[in-house]
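[1] Got a predicted structure plus its sequence, pasted below:
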Amino acid sequence: MSVLVYRDGDTLAQAGATLLAGCIIEKPTSVLGLDCSQSLSPLYRKIAGMTSDGLLDWTTVRAFNLFEHVQASTAETDEARMRAMLYSRVNILPENIYSPNTNAQDWSVVCNDYENAILDAGGLDTLVCMVGKDGRIACNLPSSELAPITHVERTEAGRAVTLGISTIMSAKRVIAILSGFDLAPIAGLVITGTVVPTMPASYLQLHPNVIFMLDEEAADQI
């Protein structure tokens, strides 16, 4: 486990983008798991800039979105947000972008198909996730018990198909980002506290190759 603290959110975003870029350079055929959170837009913007500068090639990269909300057809999807934040700004092939299909009627099939797609790709090489102020990762909310694999979770924004804890933990490398004063009360619990389902991100302590990246605001109480 590594814990890295940066001066501010912008420096954190630059460092995160540089780390993710290094993963792609190290393995051009990387299979990525990417958080759809709007909070990651600064990081995605910076890595898109590296790509436009000719430093990165995404043509053999595959990217799996960590979740997709089940929304009305008029609402912006998480996939659309990812396209705006990242995919439309880099040269990733459309067929290499994966997101849960929330139009299906049988949710067990949707979840199983997405889980199998990740397995068929050889598993996730690098997963990037924001830690929420309640300790969530992806759409795995605090609970008495956490679902291990891709499943439907009920969130404040409605139902979401999300990767489960075991699927996240199966990634070869996890980059977990905590940013802002809102994260300060739980940062210590996430990184060094008891591993409990009421703090989903605490499970990342058990990952053999997790990198916690924080700005000074989030690290204020550690």
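    Nice, I can see it. Note that the structure is a prediction, hence the values are computed from the model and not measured.
[2] roughly how far is the helix or strand hosting residue 168 from the heart of the chain?
    For residue 168, the element it lies in under DSSP states H and E is helix 165-169. Relative to the mean C-alpha coordinate of its chain, helix 165-169 is positioned 11 Å out (CA atoms, centre = their mean, to the nearest Å).
[3] And stretch 205-218, by the same measure?
    From the chain centre to the centre of stretch 205-218 is a distance of 13 Å (CA atoms, centre = their mean).
[4] do stretch 108-120 as well
    Averaging C-alpha positions (CA atoms, centre = their mean) puts stretch 108-120 17 Å from its chain's average.
[5] before we move on, back to that, tell me which residues are up against the helix holding residue 168.
    With contacts defined as CB atoms under 8 Å, 6 or more residues apart in numbering, helix 165-169 is touched by 33, 66, 115, 118, 124, 127, 129, 137-138, 140, 146-150, 174, 200, 203-204, 206-207. Glycine gets a C-beta too; all of them are placed from N, C-alpha and C.
[6] Could I get the buried residue list for it?
    Neighbour counts over helix 165-169 (16 or more other CB atoms under 10 Å) mark 165, 167-169 as buried.
[7] Let me know the closest of those residues to residue 39.
    Taking CB to CB as the measure, residue 168 is the one of the buried residues of helix 165-169 closest to residue 39, at 17.4 Å.
[8] Let me see the ranges of the strands in the chain.
    Ranges of strands in the chain, per DSSP state E, are 2-6, 31-34, 62-65, 67-69, 97-98, 126-130, 151-155, 158-162, 173-178, 210-215.
[9] Output the ones you listed as CSV; include the columns distance to residue 221.
    Formatted as CSV, those follow (distance: least, CB to CB, whole Å):
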stretch, distance to residue 221
strand 2-6, 12
strand 31-34, 28
strand 62-65, 31
strand 67-69, 28
strand 97-98, 37
strand 126-130, 19
strand 151-155, 26
strand 158-162, 28
strand 173-178, 11
strand 210-215, 11
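[10] Just put the ones you listed in a markdown table and tack on mean pLDDT and distance to residue 81.
    As requested, the strands of the chain are arranged in a markdown table below (pLDDT from 0 to 100; distance: least, CB to CB, whole Å):
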| stretch | mean pLDDT | distance to residue 81 |
| --- | --- | --- |
| strand 2-6 | 98 | 25 |
| strand 31-34 | 98 | 11 |
| strand 62-65 | 98 | 9 |
| strand 67-69 | 95 | 10 |
| strand 97-98 | 98 | 13 |
| strand 126-130 | 98 | 13 |
| strand 151-155 | 94 | 15 |
| strand 158-162 | 93 | 13 |
| strand 173-178 | 98 | 17 |
| strand 210-215 | 98 | 21 |
